[in-house]
Every structure is written in C-alpha cells, then in structure tokens.
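**Student:** okay, structure incoming, though there's no sequence with it:
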C-alpha cells in the first residue's frame, strides 16, 4: 500500500505540466514561494507586466529587505512597493499556504497565480487548495529554475515529501 501511494505521488509530480508556457494567465494576485531560482524574478515580471495587481512573496528571510530580494528593482520603473507584500514567517510549503491566506484575503484577491517550480507545483497546489477557501481561484504558474529535466532522485525526494503531506495537509 505504501509503495503504491509513493509511486502514485511520483507519477503525479513527474507529470506536472508547464502550463505557464502555453496558457495566458491573469489574476488579482500572485503568491511566489521562495526557495528556488527564478521564482521571485518571475513574480516581479508578472507584476511589471500587469498580469497581476499584487504580489505576495512567501517565505522571505526575516531580515531581508526588498532591495536585497530584488536588486534589479530600479530596472522595473513602473512598480509600486505597496503592491508587494513580504511574508517573513513561512518556512515550509504548509506554512506558505497558512501565512499567505490572510494576506490574500486582506488584499481582496479573488484569484491567485501560484508561482513555484514545476517540480514543487503538485504538492504546493494541493496544499494551497486544501488551505484556501473554494471561492479563491488558484491557477498554477510553474517555472523552470534550472534544468528542464529533473533527475529521478529529485522527483523521488519531492514525491516522498508529497506522500507525507498527503497524510495530513491535503
């Protein structure tokens, strides 16, 4: 039973599509999960291109400043710092979902683009969907932070985390 569940999680993680490359998306807010290359930049690109109105960056180091997080901020001339909210309390994917919800509700976001890596998207989406109310529409916006093809070991480790999350988080 356990091995069946693990294999199932492995296949779901592996099959997560790169829909952000083929589907135009817009939303009130984007929630970016820190921890991988390119995620924060993608969030700022979405905000600068007016794909989203507000940007929530979840899992930021507690002492980090905005200019440290996004040193190329001056090149995004049309951005307003008030449109970016930093969540400094989250340390896990579950924490990201729990801490982002009150921020998203306070910003009155009806729909959200969830920005994380392709590898991390399956578990992240399931966790956010379980934590957020049904009236907040969550769209997946996966990115590739490094290589497009992930290794068997990387997928297996993510599948293991997803398996444990499935027992209590979703």
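**Tutor:** Noted; the coordinates are in hand. Keep in mind the model is a prediction, meaning the values are calculated, not measured.
**Student:** is it true that residue 95 touches residue 59?
**Tutor:** Yes. Look at residue 95 against residue 59 with CB atoms under 8 Å: they come within range, at 7.4 Å. Bear in mind the C-beta positions are built from the backbone N, C-alpha and C, glycine included.
**Student:** settle it for me: which of these two has more neighbours?
**Tutor:** Counted by other CB atoms under 10 Å, residue 95 and residue 59 do not tie: residue 59 has more neighbours, with 21 against 15.
**Student:** in the protein, which spans are strands?
**Tutor:** Ranges of strands within the chain are 29-33, 54-58, 84-87, 111-117, 137-143, based on DSSP state E.
**Student:** and of the ones you listed, who's closest to residue 129?
**Tutor:** Among the strands of the chain, strand 137-143 comes nearest to residue 129, with 6.1 Å by CB to CB.
**Student:** what packs against that closest one?
**Tutor:** Packing partners of strand 137-143 (3 or more CB pairs under 8 Å, 6 or more residues apart in numbering; DSSP states H and E): helix 39-48, strand 111-117, helix 118-131.
**Student:** including mean pLDDT, distance to residue 157 and mean neighbour count, could these go into TSV?
**Tutor:** Formatted as TSV, the helices and strands packed on strand 137-143 follow (pLDDT from 0 to 100; distance: least, CB to CB, whole Å; neighbours: other CB atoms under 10 Å):
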stretch	mean pLDDT	distance to residue 157	mean neighbour count
helix 39-48	95	18	20
strand 111-117	98	13	25
helix 118-131	98	9	21
